[in-house]
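# Got a predicted structure here, sequence first:
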Amino acid sequence: MITVTSHFSEKVVGEALIPGDKSISHRSLMIGASAIGETKVKGLLESDDVIATVHALRCLGVDIEKDEKNGVWIISGRGVGGLSQSNKILDLGNSGTAARLLMGMVASHPFSTLFSGDSSLCSRPMDRVLNPLKRMGAQFGELNIGYLPITVFGTDLLKPITEVLKTPSAQVKSAILLAGLNTIGKTTIIEKQSTRDHTENMLLDFGAELVVEETEEGKAVILTGQPELLANNVYVPADLSSAAFIIVAAIIIPGSSVLIRNVCLNDGRTGILETLREMGGKLEIQNIRESGGERVGDVLASYSNLSGVTVPASRAPSMIDEYPILSIAAACASGKTIFEGVSELRVKESDRLATVSLGLNSCNIKVLETEDSLTINGVDVPEGGCKIMTNGDHRIAMAFLVLGMIAKKPITVDDVSMIETSFPKFLDTMENIGAKFSREKG
Ligand code: S3P
C-alpha cells in the first residue's frame with residue numbers, strides 16, 4: 001500500500017502529457033489480433049488494465065511485442081477466428097473492459113477459456129454480456145452465477161442476433177460485436193442511448209463491413225460477420241477520462257491554466273466537457289482534427305467560478321467514468337449539483353456513489369445519496385484534513401488527490417497503487433504542473 005497526502009497547491013500551470021486512451025488501447029490489441037498482418041500501435045496506454053489484455057491475447061496465441069527503440073507495439077494478427085486455446089486462466093486483474101470484450105471474442109472460437117480477475121472484478125456483473133452471448137449459442141460455466149470466475153465454452157457456429165441493449169454499455173455492445181466478427185450473417189445491436197463507438201470506428205478502419213442506421217427503437221449498429229480485416233497503424237490519442245483530473249484541477253485552483261494536447265473527443269465521451277461548461281468552466285478546444293476514425297483536439301482549461309447544475313441521466317453514458325472527478329468540481333461550486341440516473345456507478349471498480357459520498361462527507365461536504373442519484377452541496381473552500389478510503393478504486397484515489405490541492409488541510413488517500421490500472425504516471429504528471437504530494441509506505 002502506498003499512501004499519498006495531497007497538500008495545498010498554489011496553482012497548476014503549463015502543459016500536461018496524458019497517456020493513451022484506455023478504451024482505444026484495449027481495442028487496438030483485440031482488433032489487431034483479428035486482422036491479417038502486423039498492426040502497429042503508437043501511444044498504447046501501458047497501464048495494468050491494458051497489459052492484462054496483452055497477456056490474455058498472448059495466452060490465446062497472439063504474438064504481441066513492443067519495439068523498445070520507438071515504443072511501438074506490434075501485433076501479429078491471426079485473422080478473424082484465429083485465436084487458439086489458452087492453457088492458462090486468463091486473469092484480467094481489475095479490468096472490466098478486458099474481461100467483457102475478450103469473453104465476446106473467445107465465444108466465437110471452438111474451445112473453452114477460463115476467465116478470472118481481482119476481487120473488484122469478481123464482484124462486477126457479467127450477466128449483461130453472458131445473456132446476449134448465450135442467445136448467440138455460447139455456453140458458460142459459473143460457480144457464482146453471473147460473476148467471475150467464468151468458463152466460456154465457445155463455438156465457431158454462433159448465430160447472429162439482434163440485441164436491444166438494456167443497459168447503455170459500450171462494453172456490452174463491443175463484446176457482441178467482437179463475437180459477431182466470427183459469426184456468419186449480420187449481428188445487430190440497437191442502442192436507445194448512444195455509447196462510445198470506438199469499436200465501430202476501429203472495425204471500419206480495419207476494413208469491416210459495418211453500418212449504423214437510425215431506427216424507431218434507437219441507433220442500430222449492423223456488422224457483417226467474417227470479414228477479412230487488414231492490419232493497420234493505430235495512433236492512440238490521449239485519454240479524456242485521465243485528462244479530466246487535470247482539467248478539473250485547472251478549473252478549481254485559482255490562477256491555473258493547463259493545456260492538454262491530442263485528446264480523444266469521441267462524441268460518446270465528451271459529457272464531462274459539456275457539464276463543466278454548463279457549470280461555468282473555461283474550456284477552449286483547439287485544433288480539432290480526425291485521426292484513425294476518432295475526433296481529437298487540444299484542450300485548454302483555466303480557473304473558473306463554478307455553479308452547481310443538474311446533470312441529466314441521458315448524459316451519463318457519455319461521462320460514465322468522470323463522475324468521481326466531477327463530484328470534486330461540484331464540491332467547489334456554488335450551490336447544489338445533482339447527478340441523476342447514475343445507478344450504474346454502483347457496479348464500477350467500486351460502488352462509486354458510496355465511495356464518493358463517504359469521501360466528501362469526511363471532508364465536511366454535505367452529500368445526499370439515493371439509489372440512483374447524488375446531490376452535492378458545494379462549499380467555498382473544502383475543509384480537508386481527512387483520510388479517504390478508495391476501496392481499491394483508481395478514479396476515487398485521483399479525484400480526492402485533486403481535492404486535496406485546494407482544501408484548507410491536506411487530504412490523504414489510503415492507497416494509490418490502483419492508479420497503475422489507468423494512469424501510471426499520474427502523481428508525476430500532477431507534480432510537474434504544480435501539485436504537492438507526499439508519499440508514505442503503508
Ligand atoms: C468502456 C466503457 C465504459 C467505461 C469503461 C470503459 C469501454 O463501461 O466505464 O471504463 O472501453 O468500452 P460501460 O460501457 O460498460 O459503461
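Here it is on my side, so go on.

# contacts and neighbour counts: CA atoms only from here.
OK.

# give me the element residue 290 is part of.
Element membership for residue 290 (DSSP states H and E) is strand 282-291.

# Show me which positions of that strand end up buried.
For strand 282-291, burial by neighbour count (16 or more other CA atoms under 10 Å) applies to 282, 283, 285.

# Identify the bridge partners of the first one.
It stands for residue 282. Residues in a beta bridge with residue 282, per DSSP bridges, are residue 302.

# Isn't it up against residue 275?
No - counting by CA atoms under 8 Å, residue 282 does not reach residue 275; the two are 11.3 Å apart.

# still on that earlier bit, now for the strand holding residue 290, which elements pack on it?
When contacts are defined as 3 or more CA pairs under 8 Å, 6 or more residues apart in numbering; DSSP states H and E, strand 282-291 sits against strand 294-302.

# so what pLDDT did residue 442 get?
With respect to pLDDT, residue 442 has a value of 66.

# for residue 158, that is, sorry about that
98.

# can you check the one 3 residues further on too?
In this prediction, residue 161 carries a pLDDT score of 98.

# Give the burial count for it, as a bare number.
Neighbourhood size, residue 161 [other CA atoms under 10 Å]: 19.

# so who does the closest residue in space to it that isn't next to it in sequence touch?
Distance criterion CA to CA, 6 or more residues apart in numbering; nearest residue to residue 161, sequence neighbours excluded, is residue 187 at 5.3 Å. Counting by CA atoms under 8 Å, 6 or more residues apart in numbering, residue 187 makes contact with 160, 161, 162, 176, 177, 180, 222, 223, 224, 225.

# One more: residue 121?
Neighbour list for residue 121: 93, 94, 95, 96, 148, 349 [criterion: CA under 8 Å, 6+ apart].

# Need those in a markdown table (columns: pLDDT, secondary structure and neighbour count).
Formatted as a markdown table, the contacts of residue 121 follow (pLDDT from 0 to 100; DSSP: H, G, I helix; E, B strand; the rest coil; neighbours: other CA atoms under 10 Å):
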| residue | pLDDT | secondary structure | neighbour count |
| --- | --- | --- | --- |
| 93 | 98 | coil | 22 |
| 94 | 98 | coil | 24 |
| 95 | 98 | coil | 21 |
| 96 | 98 | helix | 21 |
| 148 | 98 | coil | 23 |
| 349 | 98 | coil | 22 |
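
# For those residues, could you give me JSON lines that also reports distance to residue 21?
JSON lines is the format used below for the contacts of residue 121 (distance: CA to CA, whole Å):
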{"residue": "93", "distance to residue 21": "18"}
{"residue": "94", "distance to residue 21": "17"}
{"residue": "95", "distance to residue 21": "14"}
{"residue": "96", "distance to residue 21": "15"}
{"residue": "148", "distance to residue 21": "25"}
{"residue": "349", "distance to residue 21": "18"}
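
# thinking again about what came up before, report the buried members of the contacts of residue 187.
The neighbour count (16+ other CA under 10 Å) marks 160, 161, 162, 176, 177, 180, 222, 223, 224, 225 as buried among the contacts of residue 187.

# Next, the contact list for the second one, please.
Taking CA under 8 Å, 6+ apart as the contact definition, residue 161 lies against 135, 136, 186, 187, 188.

# Now, the residues you listed that are in strands?
Counted as lying in strands by DSSP state E, out of the contacts of residue 161, are 186, 187, 188.

# In contact with the first one: list those residues for me.
Read it as residue 186. Counting by CA under 8 Å, 6+ apart, the residues that residue 186 touches are 160, 161, 180, 222, 223, 224, 225.

# Same question for the last one.
If you count contacts by CA under 8 Å, 6+ apart, residue 188 has them with 160, 161, 162, 163, 220, 221, 222, 223.
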